[in-house]
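1. heads up, no residue letters with this:
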């Protein structure tokens, strides 16, 4: 039976093999398989039956890579965008880190060095333009770090063709005071590209200049120069008057001559400043050097005055011997008078800022706001810059470290106020999610409650206060009471449009803080993390309390201090402080 069926089995096997080779040849014409498979299937298909060859030819026509009309497949073409979508080398610019070679390196290319571009220039030879760069070598301190040499040991920059430089990428590491540059396994730096891109390169890009800002700065400089000269002259006149009262007319006249010389010194110094960077810079520098001769001229005039007055005889050898010590001192003091207004001009801003820090509470904040209003006066011409004309919202801030009983005091204070004092409204994340997420993305939420649902915002503070009727029938604004930790207090001090009245609530001993912390830890008010113990939590809280107390002492924004040893007495003091808000 098996021998009778063997011809049939052979025919069926041949047909299956032909069909299999046909499928392989079909896939050989697709762009996914290598040409080796194509040659293999072609040789195999030639030994197959005529029917399989017909199928192969049809498959070849269907999957042909030629883009003939009617074909079923076209090979994808590379577009121009794909050809140009490649990273291009950067243009060179001053400050770039580069790799270059020194011809004295001992090998074919030379010694590999790393440097920084400090200047770029061009050199034209006929119609060809060559770009050159001054490169300052960096010191290889190891592990891929390259630092600038100290000023005295810094080598001179050398001129190299930019085509011989390779751009590097590096980041400055402050701790090492050096640039970190990627290196290979052999310790050689790895450049981004072999060369810079010089196609259509026109040199370093010029920094755009805002003409409006330039003209404004020139106007401010002219005003400052005139103000300095005027202040120096006024100071000289005041000094002359004092010298006349103390030592008489003669000394006052010498002092006045020295003061005029000081004004002249400032004038000639401004001439040098005015001509810097201009074609007249050399001339301006020469003229300004006359300022050094002004004190000598004053002494010569004083000497001639003494000679003409008959005090001494005329002699070129002892012309300055006729100047007395009193006259010399008056002339030099008068000359140096121009420095006094310069010193006071620099000192006043520091004194004003310090005064704002020293003054307590809302007085210090008001002084800071007054300085800001004065600084913005030039930007609001025609408008009143008086901060007291603004409608400020009064906020009663009760701040202090944790464990002082602030929440209980604030709650009782509001309950006993009869509607005069209120707590602020909070933004609800559920009812107003869009505004909440918007403010959260801008970091404008002042405080978020532990649930993460309610947040204190600037608008919620301004929109909380209403009106109440006082005992004498007068309608007044309600006062907002905020129980604030130190973090929130800092944010409130930076908030504009409010008048802060600050109260610091604390305890008179650190032991009392520790005792209250122990009570809250034992009661569960202060949770203990899994990886900590009550002692570690207590120490961490104490460190935070010490920092908070330091802020309360040095910030100067708290007008009142309440030591909450006795709740009733502390509440009484807090009510007295709250009455200050209505004054």
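-> Cool, got the structure. Quick caveat, the model's predicted, so the values are computed rather than measured. Residues are numbered from 1 along each chain as shown.
2. Compute the number of surrounding residues for residue 281.
-> Residue 281 has 13 neighbours, counted by other Cβ atoms under 10 Å. C-beta: built from backbone N, CA, C; applies to glycine.
3. Is it correct that residue 483 is in contact with residue 407?
-> Yes: counting by Cβ atoms under 8 Å, residue 407 is a contact partner of residue 483 at 5.5 Å.
4. So those two - more neighbours on which side?
-> Neighbour comparison, residue 483 and residue 407: the larger count goes to residue 483, with 20 against 10 (by other Cβ under 10 Å).
5. how about the helices in the stretch 201-350 of the chain?
-> Taking DSSP state H, counting those that start in this stretch as the test, the helices found in the stretch 201-350 of the chain are 211-247, 249-274, 281-288, 294-308, 325-335, 339-358.
6. which outside residues touch the shortest one?
-> Read that as helix 281-288. With contacts defined as Cβ atoms under 8 Å, 6 or more residues apart in numbering, helix 281-288 is touched by 268-269, 271-272, 274-276, 278.
7. Using CSV, lay out those together with pLDDT and distance to residue 474.
-> Output for those, formatted as CSV (pLDDT from 0 to 100; distance: Cβ to Cβ, whole Å):
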residue, pLDDT, distance to residue 474
268, 91, 66
269, 89, 62
271, 88, 65
272, 86, 66
274, 86, 62
275, 84, 67
276, 80, 65
278, 77, 67
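8. of these, buried ones?
-> The neighbour count (16 or more other Cβ atoms under 10 Å) marks 268, 271-272, 274-275 as buried among the contacts of helix 281-288.
9. if you skip the residues just before and after it, what's nearest to residue 551?
-> Closest residue in space to residue 551, ignoring its immediate chain neighbours: residue 486 at 5.2 Å, by Cβ to Cβ, 6 or more residues apart in numbering.
10. Same check on residue 410?
-> Spatial nearest neighbour of residue 410, excluding adjacent residues (Cβ to Cβ, 6+ apart): residue 483 at 4.3 Å.
11. Over to residue 428?
-> Nearest non-adjacent residue to residue 428, counting by Cβ to Cβ, 6+ apart: residue 454, 6.0 Å away.
12. Can you read off the pLDDT for the one you found?
-> On pLDDT, residue 454 comes in at 91.
13. roughly how far apart are it and residue 525?
-> Distance check for residue 454 against residue 525: by Cβ to Cβ, to the nearest Å, it reads 20 Å.
14. higher neighbour count, the two?
-> Between residue 454 and residue 525, residue 454 has the larger neighbour count (other Cβ under 10 Å), namely 17 against 10.
15. list the contacts for that one?
-> The neighbours of residue 454, taking Cβ under 8 Å, 6+ apart as the test, are 426-429, 448.
16. switch the cut-off to 10 Å
-> If you count contacts by Cβ atoms under 10 Å, 6 or more residues apart in numbering, residue 454 has them with 425-430, 436, 447-448, 460.
17. so what's residue 225 up against?
-> Taking Cβ under 10 Å, 6+ apart as the criterion, residue 225 is in contact with 266-267, 269-270, 273-274.
18. Local confidence estimate at it?
-> For residue 225, the model assigns a pLDDT of 89.
19. returning to that earlier point: shared neighbours, residue 483 and residue 407?
-> Taking Cβ under 10 Å, 6+ apart as the contact rule, residue 483 and residue 407 both touch residue 398.
20. Could you list the low-confidence segments of the protein?
-> Applying pLDDT under 70 to the chain picks out residues 1-86, 104-108, 151-152, 206-207, 310-319, 348-391, 583.
21. Report the residue ranges of every domain in it.
-> Domain assignment for the chain by automatic domain parsing gives 2-62, 97-180, 222-341, 391-424+464-582.
22. would a markdown table of the contacts of helix 281-288 with distance to residue 490 be doable?
-> Formatted as a markdown table, the contacts of helix 281-288 follow (distance: Cβ to Cβ, whole Å):
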| residue | distance to residue 490 |
| --- | --- |
| 268 | 49 |
| 269 | 44 |
| 271 | 49 |
| 272 | 46 |
| 274 | 45 |
| 275 | 49 |
| 276 | 44 |
| 278 | 49 |
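23. which of those lies closest to residue 223?
-> residue 274 (14.1 Å; Cβ to Cβ).
24. what's the neighbour count on the closest residue to that closest one other than its chain neighbours?
-> Closest residue to residue 274 apart from its sequence neighbours, by Cβ to Cβ, 6+ apart: residue 284 at 6.6 Å. Neighbour count of residue 284, defined by other Cβ under 10 Å: 19.
25. ok, now the one 10 residues further on?
-> Residue 294 sits with 19 neighbouring residues when counted by other Cβ under 10 Å.
26. Repeat that for residue 415.
-> Neighbours of residue 415 (other Cβ under 10 Å): 9.
27. is it true that it touches residue 575?
-> No: counting by Cβ atoms under 10 Å, residue 415 does not reach residue 575; the two are 11.5 Å apart.
28. what sits in contact with each of these two?
-> residue 421.
29. next structured bit after the top strand by length along the chain?
-> For the chain, the strand with the greatest residue count under DSSP state E is strand 111-125. Going down the chain from strand 111-125, the next helix or strand is strand 128-137, by DSSP states H and E.
30. what pairs with that next one, and is each one parallel or antiparallel?
-> Sheet pairing here is set by DSSP bridges, and for strand 128-137 it gives strand 111-125 (antiparallel), strand 158-161 (antiparallel).
31. What's the first helix or strand after the shortest one?
-> The reference is to strand 158-161. For strand 158-161, the following helix or strand on the C-terminal side (DSSP H and E) is strand 166-167.
32. Which secondary structure elements does the very next helix or strand once past that next one sit against?
-> Per DSSP H and E, the first helix or strand lying C-terminal to strand 166-167 is strand 171-173. Other helices and strands packing on strand 171-173, by 3 or more Cβ pairs under 10 Å, 6 or more residues apart in numbering; DSSP states H and E, are strand 145-147, strand 178-180.
33. partner strands of the last one, parallel or antiparallel?
-> This means strand 178-180. Sheet partners assigned to strand 178-180 using DSSP bridges are listed as strand 145-147 (antiparallel), strand 171-173 (antiparallel).
34. Would you format the ones you listed as CSV with mean neighbour count and distance to residue 139 included?
-> As requested, those are arranged in CSV below (neighbours: other Cβ atoms under 10 Å; distance: least, Cβ to Cβ, whole Å):
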stretch, mean neighbour count, distance to residue 139
strand 145-147, 19, 5
strand 171-173, 10, 14
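35. JSON lines for those strands, including distance to residue 322?
-> As requested, those are exported to JSON lines (distance: least, Cβ to Cβ, whole Å):
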{"stretch": "strand 145-147", "distance to residue 322": "60"}
{"stretch": "strand 171-173", "distance to residue 322": "63"}
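36. Tell me which of those lies nearest to residue 464.
-> Comparing the strands paired with strand 178-180 by Cβ to Cβ, strand 171-173 comes nearest, at 48.6 Å.
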